[in-house]
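S.K.: Sequence and computational prediction follow.
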Amino acid sequence: MIYHDSHVHTLFSTDSSTPMASMVRRGIENGLRGITFTDHMDYHFPDRYRDEDGGTPFAFDPEAYLYEISQVRERYGDQIRIYAGVELGLKEDAAEQNIALSRDLRFDYMIGSIHLVDNMDPYYAEYWEANEEKKGIEKYFLAMAENLKAENIQIDTLGHLDYIVRYAPSGSRIYSYRMYADIIDEILRRIIGRGIALEVNTAGYKNGGLMPNPNEDIIRRYREFGGELIAFGSDAHEPARLSARFEDAEKIVRNAGFQYYTTFVQHKPAFHKFS
């Protein structure tokens, strides 16, 4: 069993309207022992993606965020451990801000993720209109490899490594690890060398999806290279998705040879044996 969800969004993320307390209550109902909030901080996200209120997209006020976490800890901390994290959008022109936030010791956990390629969000059709599908996926992996060179950004986990496949026009039908093995292997070697965990993100199962992100072949390859740090996250934006499909993802991870999963407190990994 997995008792900690390390990738959770709330109304502090542009794409969620869920109060923190609602997520915490669902976590308790689901039998979780811990939850890490990881709301989006994507500095310099293009203005054309502004939220409905016209605010800066995918950014939050750290002081208000940390205050709200302190409030839910005070109310529910005797029932579930609650940690402060961030999902950082890795982007070359945001490196300075990402470095500063990643070193803020008030946070326990930093996920590094790629959400933009050529300043376009692959969630939208404009990216695929500008890029042939296979090339568009390749550009995403190349951007990830390039951003991982910025070692001053202190991330704990690499988020949803093949996330882009969720939004590719053909989805997973034309995608495999082998098609991009050279780039993906470079990414895996780089995170292992830096002591960065690989996230297994179960949002890949949404809307009929058949795999977590990354897929089973990449998880196995990470293990073959000597990777040991696996963090589980549902990427939930609403309570119904919290810790969703963890059982399925756990089977994949255990079949790949892992006996433990990892959580982070003050950026230090803790290992939990599968029960």
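M.R.: Arrived safely, thanks for sending.
S.K.: show me what contacts the residue nearest to the spatial centre of the chain?
M.R.: Compute the mean C-alpha point of the chain, and by CA atoms, centre = their mean the closest residue is Gly159, 3.3 Å away. Residues counted as contacts of Gly159 (CB atoms under 8 Å, 6 or more residues apart in numbering) are 7, 87, 111-113, 199, 201, 233. The way it works is simple: take the backbone N, C-alpha and C, and place the C-beta from them, glycine included.
S.K.: Which ones among those lie within strands?
M.R.: Residues of the contacts of Gly159 located in strands (DSSP state E): 7, 87, 111-113, 199, 201, 233.
S.K.: The closest residue to Pro19 other than its chain neighbours - how many residues pack around it?
M.R.: Using CB to CB, 6 or more residues apart in numbering and skipping the chain neighbours, the partner closest in space to Pro19 is Leu11 (6.0 Å). Neighbour count of Leu11, defined by other CB atoms under 10 Å: 17.
S.K.: how close does Leu11 get to Ile164?
M.R.: Distance of Leu11 to Ile164, computed by CB to CB, to the nearest Å: 26 Å.
S.K.: Leaving out sequence neighbours, find the closest residue to the residue nearest to the centre of the chain.
M.R.: Using CB to CB, 6+ apart, the nearest residue to Gly159 is Ser113, at 3.5 Å.
S.K.: and the residue nearest to Asn152 when sequence neighbours are not counted, how far is that from Ala150?
M.R.: Closest residue in space to Asn152, ignoring its immediate chain neighbours: Ile99 at 4.9 Å, by CB to CB, 6+ apart. Remark: distance between Ile99 and Ala150 (CB to CB) = 8 Å.
S.K.: in the stretch 151-275 of the chain, which spans are helices?
M.R.: Here the stretch 151-275 of the chain has its helices, by DSSP state H, counting those that start in this stretch, at 181-194, 216-224, 246-255.
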